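*Asks:* take a look and give me a structure for this.
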Amino acid sequence: MRLPTTTSHANAASWSVIGGLALACLLLSHALGFSVALARAALPALGVAVLTGALAIGRMRADTRLVAGATAFLQMTLFTILGVVLAYLLAAFGGPSWDEWLAVADARLGLDWPAILAVADRLPAPLLLVAGLAYHSLVVQMVGCIVVLAATARLERLRTAVAAAIVAGAVTILLSGLLPAVGNLFDPAHYRTLWPSVAWQDRDLVLGLRDGAVRELDLSHMTGIVSFPSYHAALPVILFWGLYPVTRLRVPAAIWAGLTIVATPLFGGHYGVDVLAGLLLAVLALAVARRLAAKAPDLSGMRWPVRHARPMPRTTGRIRWKQGAEVIH
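*Replies:* Predicted structure coming up:
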């Protein structure tokens, strides 16, 4: 068996964005004086090595599903590491905070966050628990989407979904650098059942990056510090699109994606405009990725047997067959 050499445009776009992120991280880390804690980089490096090995095995076996799945995992792993690092580096540039502007935009939308938080604090604890689990399950959602699409041989849809996720993530990181914000913070000590949001827990990290106190990258403990737009709102939409053809998962995927998006302001510390911008970004990223995927047919998800035609006797015409090749006399 052999694989054709045709490559996916969506797949190529993902690698191009990852390469651009890597170059940006190298240049900015040098310019800003950042260093990497090498002893704590072993686990991410091991993960990348394992996925690279799985990809190599898949290529040797001509296993298109394994190749597609390992490629998707490798791309998302590299993107996550590089994307978080780049977000840290961009935060180090400082600049005026856009929190006040984002809060005003929410107010104009009619979002009264003290009132909303008060209502949320009176919700049953099990409901808040489920919502919190949905918010913090984004990595699990991505893993599940990759596994399902690879196992069911929906390989071009997998590549398109990953490309959309990477494009949306890259735009999110760049916009967050242009419009830096700490987040829609609330002190959980003032509430009975609400959890501390990610923005609340990471506020010292963001301020440390902005004032120069943090200049070492710990790759074993990386967290998203992006406020506007919300990647937690964009990615569930993209993953739901990826899983949509799987009929049995369509309804539960829609419910879980919707719950994740609704929970994003509470558990991520996002403004409402963050979520709206994330939803719009997901639609645009999917449009770009689908356009890339439609540029040319991708045949890399198919197994192509090598066929040898039997020799044919010479006919009265000028064409005869020899070892599967057309010979014109």
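
*Asks:* contacts and neighbour counts: CA atoms only from here.
*Replies:* Will do.

*Asks:* secondary structure element for the residue positioned nearest the centre of the chain?
*Replies:* Centroid check for the chain by C-alpha atoms, centre = their mean gives residue 165 as the closest residue, at 3.9 Å. Assigned by DSSP states H and E, residue 165 falls within helix 155-178.

*Asks:* could you list the buried residues of that helix?
*Replies:* 155-170, 172-178 (16 or more other C-alpha atoms under 10 Å).

*Asks:* for stretch 88-98, which positions count as buried?
*Replies:* Applying 16+ other C-alpha under 10 Å to stretch 88-98 flags 88-94, 98 as buried.

*Asks:* redo those as JSON lines? Include secondary structure.
*Replies:* Shown next, in JSON lines, are the buried residues of stretch 88-98 (DSSP: H, G, I helix; E, B strand; the rest coil):
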{"residue": "88", "secondary structure": "helix"}
{"residue": "89", "secondary structure": "helix"}
{"residue": "90", "secondary structure": "helix"}
{"residue": "91", "secondary structure": "helix"}
{"residue": "92", "secondary structure": "coil"}
{"residue": "93", "secondary structure": "coil"}
{"residue": "94", "secondary structure": "coil"}
{"residue": "98", "secondary structure": "coil"}
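
*Asks:* right, and out of those residues, which lies closest to residue 244?
*Replies:* residue 88 (33.8 Å; C-alpha to C-alpha).

*Asks:* which residue packs closest to the closest one, ignoring adjacent ones?
*Replies:* In space, residue 88 comes closest to residue 209 once its chain neighbours are excluded; the distance is 6.8 Å by C-alpha to C-alpha, 6 or more residues apart in numbering.

*Asks:* can you pull the contacts of the one you found?
*Replies:* For residue 209, the contact set (C-alpha atoms under 8 Å, 6 or more residues apart in numbering) comprises 88-89, 91-92, 94, 215.

*Asks:* at 7 Å what do you get?
*Replies:* Residue 209 makes contact with 88, 91-92 under the criterion C-alpha atoms under 7 Å, 6 or more residues apart in numbering.

*Asks:* ok, it to residue 100 distance?
*Replies:* 20 Å (C-alpha to C-alpha, to the nearest Å).

*Asks:* which SSE is the residue nearest to residue 88 in?
*Replies:* Element membership of residue 209 [criterion: DSSP H and E] is helix 203-211.

*Asks:* walk me through which strands the next helix-or-strand element following that helix pairs with, and which way each runs.
*Replies:* Sequence-wise, the next helix or strand downstream of helix 203-211 (DSSP H and E) is strand 216-217. Strand 216-217 pairs in its sheet with strand 35-36 (parallel), by DSSP bridges.
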